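Visitor: Fold the stuff below for me.
(4 chains)
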2 protein chains.
Amino acid sequence: MEYTIGEVSAKFHLPISTLRYYDKQGLLLTLKRDRSGVRRFSEETIEALRLIECLKKSGMQIKDIKEFMLWCQEGNKTISKRKQMFFRQRSHIQNEILELQKALQLIQYKCWYYEEAEKDGNEKRVKNMTLYEMPDDIKKIYQSSH
Amino acid sequence: MEYTIGEVSAKFHLPISTLRYYDKQGLLLTLKRDRSGVRRFSEETIEALRLIECLKKSGMQIKDIKEFMLWCQEGNKTISKRKQMFFRQRSHIQNEILELQKALQLIQYKCWYYEEAEKDGNEKRVKNMTLYEMPDDIKKIYQSSH
DNA sequence: TATTGACCTAAAGTTAGGTTCATGCACTAT
DNA sequence: ATAGTGCATGAACCTAACTTTAGGTCAATA
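Guide: Numbers count the residues shown, from 1 in each chain, chains lettered A, B, ... in the order given. Next comes the predicted model:
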């Protein structure tokens, strides 16, 4: 099964311009063209695209994804590099999730806080509380100092 | 307790230039200066900064954080807006976490895959598997089509 | 045959979120 | 007094990741 750029754009909810941009940046090394230069996306290229989406989500930059795609072409001698890359990326994403969960706690507190405030029609702020008030246990979790 | 910009920079691991940038963008509405124009960060402003960090992490843009900071100044009449904002941001961050967990599954599979490949010294790719091979159950989880 | 729609390109433009630069002021230590 | 340190400013610069623009090809349809 092969797809045109328009079909892939619809399938992945990615603008056509983005797909062309990825191609130009060297992310789609397996992408073929027909005799008149029109891009034909194979299963393999679709698969690559899925992986690209995942790596982007995990915070990887285009230039590093490109490097990985080159390694894939180079065969067995780059296996260890590729492994290391995925291990790094795993740590990275796991840490991201933890950070988001910390942020979520503060946001959840604020959701509760404003729900109360809305019920009461005002923020009855406790003495010594600041305008951007948050309780100490949340402050502790969400520390930017060290 | 009050802090200079340098102290806050150290405390939050943020460059001084970034703090000045936030101030310029109108994120630090409670920030005061001394007679010679030097910024003095109060507890309240530090608190604001913690909240800013959290909102940034949750994917909010500077201009929207600015809007929120203005609402905080405006008092009770903006409570409902602020509540809605945090509810939106909560959904957003919860969804982000889910997406990251999906990406993590693929990355974890790849970690396993390359660990095997490294042991064997090569990728013994299954028939009909592509260069960017991933098993169907992972593909299913990590769908970009709908 | 003419038009339409989907594709192509290179190059310029855009946006967010900073960072760097050149210059100057105020305080402290030598 | 002078040198150093930390602060201030506006303006220019930077980077990543796209997006837009202007112009062109090509195959199928009215």
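Visitor: how close does the residue nearest to the spatial centre of chain A get to residue A:78?
Guide: Centrality entry for chain A: nearest residue to the mean C-alpha point is residue A:57, 1.7 Å, by Cα atoms, centre = their mean. Distance of residue A:57 to residue A:78, given as Cβ to Cβ, to the nearest Å: 23 Å. Bear in mind the C-beta positions are built from the backbone N, C-alpha and C, glycine included.
Visitor: Could you do residue A:67 as well?
Guide: 10 Å.
Visitor: Likewise for residue A:60?
Guide: Taking Cβ to Cβ as the measure, residue A:60 falls 16 Å from residue A:78.
Visitor: So these two - more neighbours on which side?
Guide: A count of neighbours by other Cβ atoms under 10 Å in any protein chain shown puts residue A:60 above the other of residue A:60 and residue A:78, at 19 against 16.
Visitor: and residue A:37, how many residues sit next to it?
Guide: For residue A:37, the count of nearby residues is 6 (other Cβ under 10 Å).
Visitor: just checking, it is part of a strand?
Guide: No. Using DSSP: H, G, I helix; E, B strand; the rest coil, the assignment for residue A:37 is coil, not a strand.
Visitor: so who does it touch?
Guide: Residues in contact with residue A:37 (Cβ atoms under 8 Å, 6 or more residues apart in numbering or on different chains): none are found.
Visitor: again with residue A:122
Guide: Residues in contact with residue A:122 (Cβ under 8 Å, 6+ apart) are B:76, B:79.
Visitor: and it, what pLDDT?
Guide: You'll see residue A:122 listed with a pLDDT of 81.
Visitor: Excluding sequence neighbours, find me the nearest residue to residue A:71.
Guide: Counting by Cβ to Cβ, 6 or more residues apart in numbering or on different chains, residue A:71 lies nearest to residue A:78, which is 3.8 Å off, once chain neighbours are set aside.
Visitor: neighbours around the residue of chain A found nearest DNA strand C, how many?
Guide: In chain A, the residue that lies nearest DNA strand C is residue A:6 (2.7 Å; Cβ to the nearest atom of the strand). Summarising burial for residue A:6: neighbours were counted as other Cβ under 10 Å, giving 11.
Visitor: what's around the closest residue to it other than its chain neighbours, how many residues?
Guide: In space, and not counting its chain neighbours, residue A:6 is closest to residue A:16: 6.6 Å by Cβ to Cβ, 6+ apart. When neighbours are defined as other Cβ under 10 Å, residue A:16 has 14 of them.
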